[in-house]
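S.K.: here's my sequence, what's the structure:
(2 chains)
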Amino acid sequence: MKKMKIFTILALVGVAFATFSMADSDEYSKKSYKKYGSKYSVAPVNNKLYEDECASCHFGYQPGLLPKRSWVKLMEPRELENHFGDDATLEEEDRLTLLGYLTANAADSKYNNSRLSKEIAREIPRGLTPIALSQTRYFKHDHDEIPKRFIEQKEVKSIANCAACHTTAQKGYYGERDIVIPNYGRWDD
Amino acid sequence: MKKVLWLFLLPLVLFGADLNPQMQKYMEELAKQAKQENPDFKGFDYKRGEKIFTSTHIGKRGKPISCVSCHTSDLTKEGKNINTGKVLPPLSPQANPKSITKVKKVKKWLKRNFKDVYNRVGTAQEKGDAIVYIVNKK
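M.R.: Numbering: from 1, shown residues only, chains lettered A, B, ... in the order given. Purely as a prediction, here's the structure:
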C-alpha cells in the first residue's frame, strides 16, 4: 500500500516534470525564433505581381529590406526608366499596385514586426533615401570582409545577388548559419 | 476595302498557326502601324527579325549588347540575365508554351528590351519581325 502511494507520487511528479519541460522547450523555441528568426529575417514576398514584374529579372528583395521613402523613390516612373542601368518601366496601374505593396510592408511600416526590418529602418540616416540596401553603410559594414573574388565570380556577379550566398534569402532569412559562398563554402565570421 | 482585307489576312497567313487569338490581334495592329510608318511594308519577316535579335548594339548601359547576350542563340534553352544572373525561361514557345501568349507581357518586354539593347523603342515593323523570329526559330 505504501509502495503504491510512493509510485503515485512519483508518477505525478513525473507528469508535472514532463509538462514543465515541455513548457520549457516551447519557451526555448520561441526564444530561438526570436534569436534566429526575426532578428535575421524579414517577411517573405507574398505578392504575385511583384514576383512577375520585379523578381523575373533579379532576386525578389523583400519589401522589409528598405524604408517607405526608398520604395517611393525607386518606383518613380523616371527612376524605373533607368533601373540600375536597365529599363524597368511598368504600366501605371501595375506601378501603383506594386508601390502600395512595397510601402505597406516596408522596413518602417507599422505593419512590419521584423526586428531586422526595424534595425534597417533605424540604421539608415533620415536624410538619406538609398534605392538599394547594398548602398547603405549598414549593409556595407556587414559585407566588407568578403573578398572581391567571391562577389565577382560568375555564380554571384554582384553584391546585390542575395540568394547566391544566403541560401535561405528567398524565405526572408539572412542568418549567418545559412550562408554558403559558391566555390568556397560556409562563411564563418 | 481590299487593302483592309489584305491587312487583316496577311498576319493570319504568316503566323496564324503559332499564335493565340490575342497575339494574332496584336500582330494585326502592329502590321497596320507598320504600314502607316512605311508604305512599302509588305509584312513581317523572319530574316529581318533574326538580324534584330542577333546583331550587337551599344545599349542603354553604353556597352555592346544583343538580345542573344541574355537569351542565348538557342531560344529553346534557358537564358540568363547578364547583369543579375537571374535565369530566364526559354523564349521559344516550342520549349515554353507560355511564352508569347500574353500581349501585355509581350508589349512590356519589347519596350524594355529594345531600350536595353538599342537604347530606343522599336518600330512596329521591328517588333513584328522580332516576334516572327522568336516564334518560328527552330
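S.K.: just the pLDDT for the closest residue to residue B:73 other than its chain neighbours.
M.R.: Closest residue in space to residue B:73, ignoring its immediate chain neighbours: residue B:54 at 6.8 Å, by CB to CB, 6 or more residues apart in numbering or on different chains. All C-beta atoms are positioned from the backbone trio N, CA, C, and that covers glycine. In this model, residue B:54 is scored at 98, pLDDT.
S.K.: pretty sure residue B:54 contacts residue B:69?
M.R.: No - with contact defined as CB atoms under 8 Å, residue B:54 does not reach residue B:69; the gap is 10.2 Å.
S.K.: those two: who's more crowded?
M.R.: Neighbours were counted for residue B:54 and for residue B:69 using other CB atoms under 10 Å in any protein chain shown; residue B:69 has more, 18 against 12.
S.K.: part of a helix, is that one?
M.R.: Yes - assignment of residue B:69 by DSSP: H, G, I helix; E, B strand; the rest coil places it within a helix.
S.K.: residues near residue 127, how many?
M.R.: Here I'm looking at chain A. Residues lying near residue A:127 (other CB under 10 Å) number 5.
S.K.: let me rephrase: I mean chain B.
M.R.: Other residues near residue B:127 come to 24 when the count uses other CB under 10 Å.
S.K.: may I ask you to confirm that it is in contact with residue B:30?
M.R.: Yes - using CB under 8 Å, residue B:127 is in contact with residue B:30, at 5.7 Å.
S.K.: beta partners for residue B:65?
M.R.: Residue B:65 forms beta bridges with residue B:57, as assigned by DSSP bridges.
S.K.: that one against residue B:55, yeah?
M.R.: No - contact criterion CB under 8 Å: residue B:65 and residue B:55 do not qualify, at 10.4 Å.
S.K.: mind listing the strands for the chain?
M.R.: Using chain A. For chain A, strands defined by DSSP state E occupy the ranges A:180-181, A:185-186.
S.K.: wait, I meant chain B there
M.R.: Going by DSSP E, chain B shows strands at B:57-58, B:64-65, B:79-80, B:87-88.
S.K.: which one's more surrounded, residue B:65 and residue B:55?
M.R.: Set residue B:65 next to residue B:55 and count neighbours by other CB under 10 Å: residue B:65 wins out with 21 against 12.
S.K.: tell me the spacing between the more buried one and residue B:95.
M.R.: 23 Å (CB to CB, to the nearest Å).
S.K.: ok, residue A:61 next?
M.R.: Residue A:61 is 29 Å from residue B:95, by CB to CB.
S.K.: between the two, which one's more packed in?
M.R.: With neighbours defined as other CB under 10 Å, residue A:61 and residue B:95 compare such that residue A:61 has more, 22 against 14.
S.K.: just the pLDDT at that one, thanks.
M.R.: Residue A:61 carries a pLDDT score of 98 in this model.
S.K.: that one and residue A:134 touch, don't they?
M.R.: No - counting by CB under 8 Å, residue A:61 does not reach residue A:134; the two are 9.8 Å apart.
S.K.: show me the helices in chain A, by range?
M.R.: Under the criterion DSSP state H, chain A contains helices at A:2-32, A:48-53, A:68-74, A:77-81, A:92-104, A:115-123, A:137-143, A:148-152.
S.K.: least reliable of those helices by average pLDDT, please.
M.R.: Least confidently modelled of these is helix A:2-32, at a mean of 49 by mean pLDDT.
S.K.: would you confirm that residue B:67 contacts residue B:114?
M.R.: No - using CB under 8 Å, residue B:67 makes no contact with residue B:114, being 9.4 Å away.
S.K.: quick check: end-to-end length of stretch A:126-146?
M.R.: End-to-end distance of stretch A:126-146 (CA to CA, to the nearest Å): 28 Å.
S.K.: that one vs chain B: in contact?
M.R.: No - against chain B, stretch A:126-146 shows no contacts by CB under 8 Å from any CB of the partner chain, the least distance being 12.2 Å.
S.K.: kindly report the same for stretch A:156-175.
M.R.: Yes - judged by CB under 8 Å from any CB, stretch A:156-175 and chain B are in contact via A:156, A:157, A:158, A:160, A:161, A:164.
S.K.: counting neighbours, what do you get for the closest residue to the last one other than its chain neighbours?
M.R.: Using CB to CB, 6+ apart and skipping the chain neighbours, the partner closest in space to residue A:164 is residue A:156 (4.2 Å). Residues near residue A:156, counting by other CB under 10 Å, number 20.
S.K.: swap in residue A:94?
M.R.: With other CB under 10 Å as criterion, residue A:94 counts 16.
S.K.: tell me who's in contact with it.
M.R.: A:49, A:53 (CB atoms under 8 Å, 6 or more residues apart in numbering or on different chains).
S.K.: circling back: which of the strands of chain A sits most buried?
M.R.: strand A:180-181 (a mean of 15; mean count of other CB atoms under 10 Å in any protein chain shown).
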